[in-house]
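>>> Fold the following.
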Amino acid sequence: GKDYQLWAVDAEHKDPVSAGIVHVDQNGVVQMRFKPETATRHVKAFALTLERQGGVPKAEGPILLLGNT
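Residues are numbered from 1 along each chain as shown. As a prediction, the model looks like this:
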């Protein structure tokens, strides 16, 4: 299986910081509160990737969505 995973792109971190797994309900609706696994202070963008089920510590899958802050 696969899961969508949200990432915070922060200038202080070499790699994007995981902000958690994104769950989509049966109607295709997403509501999510997130807390990055590592403190972030200068988030420049958020990215959504498709990863192995359960998520990964470092992004591996394709970037499906990228939004600048």
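>>> drop to CA atoms for contacts and neighbour counts, all remaining ones
OK.
>>> Any stretches of the chain with poor pLDDT?
Low-confidence segments of the chain, defined by pLDDT under 70: none present.
>>> Recalculate using a threshold of 80.
34-35 (pLDDT under 80).
>>> ranges for the strands of it?
2-10, 17-22, 43-52, 63-68 (DSSP state E).
>>> Can I get the ones you listed in CSV including mean neighbour count and distance to residue 35?
Formatted as CSV, these follow (neighbours: other Cα atoms under 10 Å; distance: least, Cα to Cα, whole Å):
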stretch, mean neighbour count, distance to residue 35
strand 2-10, 21, 10
strand 17-22, 21, 6
strand 43-52, 18, 13
strand 63-68, 12, 17
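>>> quick one: which of these is nearest residue 37?
strand 17-22 (6.0 Å; Cα to Cα).
>>> would CSV of the strands of the chain with distance to residue 32 be doable?
Below are these laid out as CSV (distance: least, Cα to Cα, whole Å):
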stretch, distance to residue 32
strand 2-10, 10
strand 17-22, 7
strand 43-52, 13
strand 63-68, 16
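>>> nearest to residue 29, of these?
Across those, closest to residue 29 is strand 17-22 (Cα to Cα), at 10.4 Å.
>>> Direction included, what does that closest one pair up with?
strand 2-10 (antiparallel) (DSSP bridges).
>>> what does the strand it pairs with contact?
15-23, 36, 40-55 (Cα atoms under 8 Å, 6 or more residues apart in numbering).
>>> How far off centre is that strand?
Computed by Cα atoms, centre = their mean, to the nearest Å, the chain-centroid distance of strand 2-10 equals 1 Å.
>>> before we move on, what about stretch 55-66?
How far stretch 55-66 lies from its chain's middle: 7 Å, per Cα atoms, centre = their mean.
>>> for stretch 60-69, same thing?
That offset, for stretch 60-69, works out to 8 Å (Cα atoms, centre = their mean).
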